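Undergrad: Sequence plus the predicted model coming up.
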Amino acid sequence: MAQLSARPRVAQRSPLEIGVDRVWRFFCSVRAAVYEIVLLALLVLIGTLGNSSVPDGIADVLPFTAPLVREWYAWDVFHSLPFAAILTLLAVAITVCTINRAPAIWRAIANPTVPTSHGFLRGADPSARMVSTATPAAFGDDLIGVLKARRYRVLTERRGDEIHVYADKNRYAKLGTFPFHLALILILVGGIVGARFGFREQEVIVPEGSTRAIGNGTGLSIHVERFRDTYAESGVAQEYSSDIVLYNEDGEEVRRGTTTVNHPLTHDGVVIYQASFNQAVVLQITDAAGRVLFDEGLDLGIYQSKTNPDAPAGRLDLPMAGLQLNVIAPDNNRVNAPELDDLQLRPGEMYVKAIPTDPTKAVTAGIVRQGEAVDLGGLSVRFVRETQFSLLQVARNPGIPIFLLAAVLLVGGLAVTFYFPHRRVRGIVSPAPSGAVAALAPLAKRDWSGQRDFHRLLEEVANRLGIQPEVHASDESGFDRDGARPDGDQPMQPGRIRPAATASRARTR
Amino acid sequence: MEGLVKLSFYCFTAAAIALASSAVCYVAYAIGRVRLRQAVMQTSAGTTFSTSSAEFGPGAVGIGRYGTLLAWFGVVFSGLSVGLRSIVAGRLPLSNMYEYSLTFIFVLTAIYLAFERFYGVKQLGAIVLPITVGMAIYVWSLPAWMRDVDDLIPALQYNLMMTAHVSSAILAYACFAVAFAAAVLYLIASKRRIAWLPSPAMLDDIGFRAVTVGFPLMAMVLILGSVWAYRAWGTYWQWDPKETSALFMWLVYGVYLHTRGLRGWRGTRSAWVLIFGFAATVFTYYGNYFFGGLHAYGGV
């Protein structure tokens, strides 16, 4: 007999389509996403340990690892190519995966499949069966009433003489995954925007009474009118703040205010932070012709004396005079290593060294007292008074609003996802000789909380309809063991509804 | 005020004693008790002999209740200790490892008791309470000068942020400790079928629920820390080791949630991820001992 065979025609796909499909599937793969997160976590761990004493400890115990440990310390993981690559990969995976999942999630919310099968309900763990003397339609309505009372949305479909029921609650919480994952992308975007379009000057040193330009295209200058530092009786710094004035390019005052730690001053997106402070000295430097070359504060403490680390020092370049001035203040911790205090300066004295840029000229140095002047390298250097400098940070970060939006989405998304779990129940109400029989089961396989919720639903059925449901639950579901505990405390599971039988599925432990 | 500081320490001592006693009760309750049975038999020839057998059974109900009662004492006394110190300092005690750990003991015990009440299981206490006792020993071991209430450095003088940021961290760590306890019990309950332990399904759920509370809180820690850093230091992320170790920890729990929710991992594998996550939590908690960086002032 001739046999007709028809081979199904498979549409030939181009290598490009196959490639795109594979890449798409890779990014959609949860397994790949987990590996990516694990890899990212591993890099974060390596970077974290690289900023700790742990590698040193490893090298101490295992000396042969010393070269590796040196490499470890030298590697800036968080600004490395592998780290950027894994972040990019993860961002793409989140985007692709979210796009891929969106239609299915929306279908589950808007158009879930209502019909189910008796096979599913028989095999479900747990499931419940209940018998009523009412007609299937009336019993169905009763069950729908109970489900609605427990805030379930109920969808029904008639199949022959059976009523198929699908009920769920918190369905929109399934959308919580989108703001959460969007937030992760936005955090990265915020970081990129901040780095690309913002700036951060970490050390803007402005001695009291002096003015410094901020730069970075702002056209602003900062003038520190007054710096204050207050201390508690214990000696701990309580507050340090700077009264500052901001000037624009034309020298007009645009903002006046105080910046303290935790309370920065903001002007037009530029934020000025009080970071630190230290000693400064006001010098007046004039040349032989009487021209004033410098008349403001010079910060001390960014440098120290070469020979005495406890002696704060400052450096002033005077290119117009062909000189560099090094200024050293008295030792501020005389108890510590007094043998290093070679200058033996007293309070109210400064050591000034004039180093010509022309190496053939002689270096001159001298000690100058407050209110007096000393001639060095053809210049008169007057020590006017001691003061302080304010160490400010100046930043502009246009990524901050994006970051804040991401923060709200992230926490909101997580809260919705975790605290409003999507609960689903399927069932069939069929005619029976005595009236009607209903089989119900939750879609909560190995979900203890979902099963507990189902149990409460059954309790409600028992209370409202006066019908004792017959529960089928395996030992694995935990229904039988957690309902009644040996300590006799109030059990969380309702005690009146007991499993009718233990499912035949063996416990696989 | 010095008197209140001392009283706070005495309350902590009372809490430590209560928690240690509670831990003993919980462990005894979880292990169960040996019941000896003796039977006297008589043969047809008229000879009598006795047999004895021993079998394990659930712990005495009373000892479990004592565990809970003592844990409540621990909460009350540690709460008093925290409260008195708050009155003296004018803020929550969160500024160094002594204060931080003191508050952690209070929060962890309270959260554990909330889980105990919600799920109606006491056996978790056999893992959680020994952790609180370990923390109490650690607090005792800290140098005595840390018990003094000191003025805060300017960077920490932002009461709202410090309270929100550090309290979120303590709450998150406490939730992760409960998840750890559930994971350890899960591994025990799934390997050996011990009738009086909670079902593995419930323990798996407890671990998951604890993480669903702790994970968003940890996200809050990172976010609030970033917002505070932006106000204090001019940037919301500095790759500071304490920041990155907290991020690492968050990623570990992110792996747990992804594998559980999307890959369907339940049970043993998830329990091991939770145990690893708790190791990461401990690493972050004690990181100040071996990290430098911007959080160094929180150390010892």
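TA: Noted; the coordinates are in hand. Numbers count the residues shown, from 1 in each chain, chains lettered A, B, ... in the order given.
Undergrad: got the contact list for residue A:314?
TA: Neighbouring residues of residue A:314 by CB atoms under 8 Å, 6 or more residues apart in numbering or on different chains: A:280, A:281, A:298, A:299, A:300, A:301, A:302, A:303, A:326, A:327. C-beta here means a position set from N, CA and C on the backbone, and glycine is covered the same way.
Undergrad: what's near enough to touch the fourth one?
TA: By CB under 8 Å, 6+ apart, the residues touching residue A:299 are A:205, A:207, A:278, A:279, A:280, A:314, A:389.
Undergrad: Pull out the buried residues from stretch A:273-285.
TA: For stretch A:273-285, the neighbour count (16 or more other CB atoms under 10 Å in any protein chain shown) marks A:273, A:274, A:275, A:276, A:277, A:278, A:279, A:280, A:281, A:282, A:283, A:285 as buried.
Undergrad: before we move on, what about stretch A:393-411?
TA: Under the neighbour-count criterion of 16+ other CB under 10 Å, stretch A:393-411 has A:393-397, A:399-400, A:402-407, A:409-411 buried.
Undergrad: So which of the residues you listed belong to strands?
TA: When DSSP state E defines the strands, the subset of these inside them is A:393, A:394, A:395, A:396.
Undergrad: and chain B, which of the residues you listed contact it?
TA: When CB under 8 Å from any CB of the partner chain is applied, the members of these adjacent to chain B are A:393, A:394, A:395.
Undergrad: residue contacts, the last one?
TA: Shown here is residue A:395, whose contacts under the criterion CB under 8 Å, 6+ apart are A:198, A:199, A:200, A:201, A:270, A:271, A:273, B:234, B:235.
Undergrad: Inside helices: which ones of these?
TA: Among the contacts of residue A:395, no member is found in helices (DSSP state H).
Undergrad: and which of those is nearest to residue A:255?
TA: residue A:270 (9.2 Å; CB to CB).
Undergrad: So that closest one is in contact with residue A:393, correct?
TA: No. Using CB atoms under 8 Å, residue A:270 is not in contact with residue A:393, being 11.1 Å away.
Undergrad: where does the chain have low pLDDT?
TA: This is for chain A. Chain A contains residues with pLDDT under 70 at A:1-11, A:475-509.
Undergrad: My question was about chain B, not that one.
TA: Scanning chain B for pLDDT under 70 picks out B:54, B:263, B:292-294, B:296-300.
Undergrad: mind listing the helices for it?
TA: For chain B, the helices defined by DSSP H cover B:2-31, B:61-89, B:97-119, B:125-141, B:159-191, B:200-233, B:241-261, B:268-285.
Undergrad: So what's the residue count around residue A:158?
TA: Counted with other CB atoms under 10 Å in any protein chain shown, residues neighbouring residue A:158 total 14.
Undergrad: check which helix or strand covers it.
TA: Using DSSP states H and E, residue A:158 sits within strand A:153-159.
Undergrad: Repeat that for residue A:233.
TA: Applying DSSP H and E, one finds residue A:233 in no helix or strand.
Undergrad: Just list the residues touching the residue of chain B most remote from its centre, thanks.
TA: Going by CA atoms, centre = their mean, the residue of chain B most distant from its centre is residue B:45, 61.9 Å out. Residue B:45 is in contact with no residue at all, counting by CB under 8 Å, 6+ apart.
Undergrad: Show me how the chain divides into domains.
TA: Going with chain A. Domain segmentation of chain A under automatic domain parsing yields A:15-106, A:117-170+A:421-478, A:199-396.
Undergrad: that's the wrong chain, I wanted chain B
TA: Domain assignment of chain B by automatic domain parsing yields the ranges B:1-33+B:57-151, B:154-300.
Undergrad: The shortest one near chain A anywhere?
TA: Yes. Judged by CB under 8 Å from any CB, domain B:1-33+B:57-151 comes into contact with chain A at B:58, B:61, B:64, B:65, B:118, B:119, B:120, B:121, B:122, B:150, B:151.
Undergrad: among these, who's most crowded?
TA: Within the residues of domain B:1-33+B:57-151 next to chain A, neighbour counts (other CB under 10 Å) peak at residue B:64, which reaches 27 neighbours.
Undergrad: That residue and residue B:32 touch, don't they?
TA: No. Using CB under 8 Å, residue B:64 is not in contact with residue B:32, being 10.7 Å away.
Undergrad: Mind listing the strands whichever strand or helix holds residue A:374 pairs with, and their directions?
TA: Using DSSP H and E, residue A:374 falls within strand A:373-376. Next to strand A:373-376 in the sheet, as set by DSSP bridges, lie strand A:379-396 (antiparallel).
Undergrad: so the partner strand versus helix B:200-233, what angle?
TA: 140 degrees (axes from the mean of the first three to the mean of the last three CA atoms, to 10 degrees).
Undergrad: Show the residue spans covered by the helices in chain A.
TA: Taking DSSP H to define them, one finds helices in chain A at A:15-28, A:30-50, A:54-61, A:66-74, A:81-110, A:118-123, A:136-149, A:177-197, A:400-419, A:448-465, A:479-483.
Undergrad: wait, does the longest one make contact with chain B?
TA: If I follow you right, that is helix A:81-110. No. Using CB under 8 Å from any CB, we find that helix A:81-110 stays clear of chain B, coming within 9.5 Å at best.
Undergrad: Give the closest residue to residue A:122 in space, chain neighbours not counted.
TA: Closest residue in space to residue A:122, ignoring its immediate chain neighbours: residue A:439 at 7.8 Å, by CB to CB, 6 or more residues apart in numbering or on different chains.
Undergrad: buried ones in stretch B:249-262?
TA: B:249, B:250, B:251, B:252, B:253, B:254, B:255, B:256, B:257, B:258, B:259, B:260.
Undergrad: for stretch A:198-205, that is, sorry about that
TA: Result for stretch A:198-205 [16+ other CB under 10 Å]: buried residues A:198, A:199, A:200, A:201, A:204, A:205.
Undergrad: and residue 225, what is it in contact with?
TA: All of this refers to chain A. Here residue A:225 is in contact with A:208, A:209, A:242, A:243, A:244, A:245 (criterion: CB under 8 Å, 6+ apart).
Undergrad: I was after chain B.
TA: Residue B:225 sits next to B:165, B:243, B:246 when contact means CB under 8 Å, 6+ apart.
Undergrad: so what's the closest residue to the first one other than its chain neighbours up against?
TA: Leaving out its chain neighbours, the residue that sits closest to residue B:165 by CB to CB, 6+ apart is residue B:224, at 4.2 Å. Contacts here follow CB under 8 Å, 6+ apart; on that basis residue B:224 touches B:161, B:164, B:165, B:168.
Undergrad: For those, give me JSON lines that also has neighbour count.
TA: Output for the contacts of residue B:224, formatted as JSON lines (neighbours: other CB atoms under 10 Å in any protein chain shown):
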{"residue": "B:161", "neighbour count": "18"}
{"residue": "B:164", "neighbour count": "18"}
{"residue": "B:165", "neighbour count": "21"}
{"residue": "B:168", "neighbour count": "21"}
